[in-house]
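Trainee: coordinates only, sequence not included:
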């Protein structure tokens, strides 16, 4: 790009044509006579300055014509840039059975020329170069290696870019398959009510079945949205291994006690709290497997599971509103905390009884007391 070109068209005397009987076109557009230069009785030159990138992947057609429009000769011009060094190589392995890598074509990207990208890999300390065969599986700059991968041995991975103007090679990336594992979304996601608690839902799911035979740990994350909204809210996961906790912060105050659930076998669960009463929620779960066979690096998040829906019980309180002002929220939270501690003093014996079941019992008792007051008090005094 930016260079200049001089092309010539010489006609055999058998055609009985002279230089002034000729003209040039570029991609079907007739070039102005001011760009022509007669170089002999039967030779006509054309000069092209400051060439732009090719408009067609098949190249630009520069054609010499006779006066009647007949084609005498032509050439295909490829105008562009040599490739830049590919950057940002990242890879992931689905259940340790394959490897997919993607990359960026460089700072400029567009070369205006057909450019081939080849992903190559080899075991770090021995072995020969291998070439990936399945391209464009995860986007325009990606390649998939479906099998025959080694565990416990790092790989060297790089990308070569080539076109008619040159070759560029990326930096070499070293990785271990165990450090870039992702998996299928959690399966069998179920969302259900928590008794009569109007602001909570229980979520249960199964760990990824494809990894059940491997030694690994997992983190889970939940996102949810109300039925009439497209905005997902994400729960904050914490902890490692088979223990998972989640605090969610929608419009209502969070629960007074954090919900911690021990994962028994392949079953995991958690509690969503502070939800709107009488509302349909869609819930999704994803998984991050890590520490596979003792790997020190974090895994890669899976895709989200398919949405699962459930509704919270409808509130029977006359004084509705799950979206109080900030000051009202704090007052309500302090009042309910004081009520809860007073209730615990009457119903619990020793710290060993403090737990989520006790909290649930108190919530049911609180709702029943609200319903009783609503039945007794006149409507204008609620």
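Mentor: Looks like it came in fine. Please read all numbers here as calculations on a predicted model, not as lab measurements.

Trainee: any chance you could map the helices in the stretch 201-350 of the chain?
Mentor: Per DSSP state H, counting those that start in this stretch, the stretch 201-350 of the chain carries helices over the ranges 326-347.

Trainee: the strands in it, which residues?
Mentor: Ranges of strands in the stretch 201-350 of the chain, per DSSP state E, counting those that start in this stretch, are 201-206, 217-226, 233-234, 236-238, 243-247, 259-262, 267-272, 280-290, 308-311.

Trainee: Turn these into CSV, including distance to residue 149.
Mentor: Every residue, glycine included, has its C-beta placed from N, CA and C. Below are the strands of the stretch 201-350 of the chain laid out as CSV (distance: least, CB to CB, whole Å):
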stretch, distance to residue 149
strand 201-206, 26
strand 217-226, 22
strand 233-234, 32
strand 236-238, 29
strand 243-247, 30
strand 259-262, 34
strand 267-272, 29
strand 280-290, 17
strand 308-311, 34
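
Trainee: what would those strands look like in JSON lines with mean neighbour count, distance to residue 106 and mean pLDDT?
Mentor: Shown next, in JSON lines, are the strands of the stretch 201-350 of the chain (neighbours: other CB atoms under 10 Å; distance: least, CB to CB, whole Å; pLDDT from 0 to 100):
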{"stretch": "strand 201-206", "mean neighbour count": "21", "distance to residue 106": "41", "mean pLDDT": "90"}
{"stretch": "strand 217-226", "mean neighbour count": "20", "distance to residue 106": "34", "mean pLDDT": "85"}
{"stretch": "strand 233-234", "mean neighbour count": "14", "distance to residue 106": "33", "mean pLDDT": "66"}
{"stretch": "strand 236-238", "mean neighbour count": "14", "distance to residue 106": "36", "mean pLDDT": "38"}
{"stretch": "strand 243-247", "mean neighbour count": "18", "distance to residue 106": "41", "mean pLDDT": "30"}
{"stretch": "strand 259-262", "mean neighbour count": "16", "distance to residue 106": "47", "mean pLDDT": "31"}
{"stretch": "strand 267-272", "mean neighbour count": "20", "distance to residue 106": "43", "mean pLDDT": "79"}
{"stretch": "strand 280-290", "mean neighbour count": "21", "distance to residue 106": "31", "mean pLDDT": "88"}
{"stretch": "strand 308-311", "mean neighbour count": "16", "distance to residue 106": "42", "mean pLDDT": "92"}
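
Trainee: nearest to residue 152, of these?
Mentor: Set against residue 152 and scored by CB to CB, the strands of the stretch 201-350 of the chain come closest in strand 280-290, at 16.4 Å.
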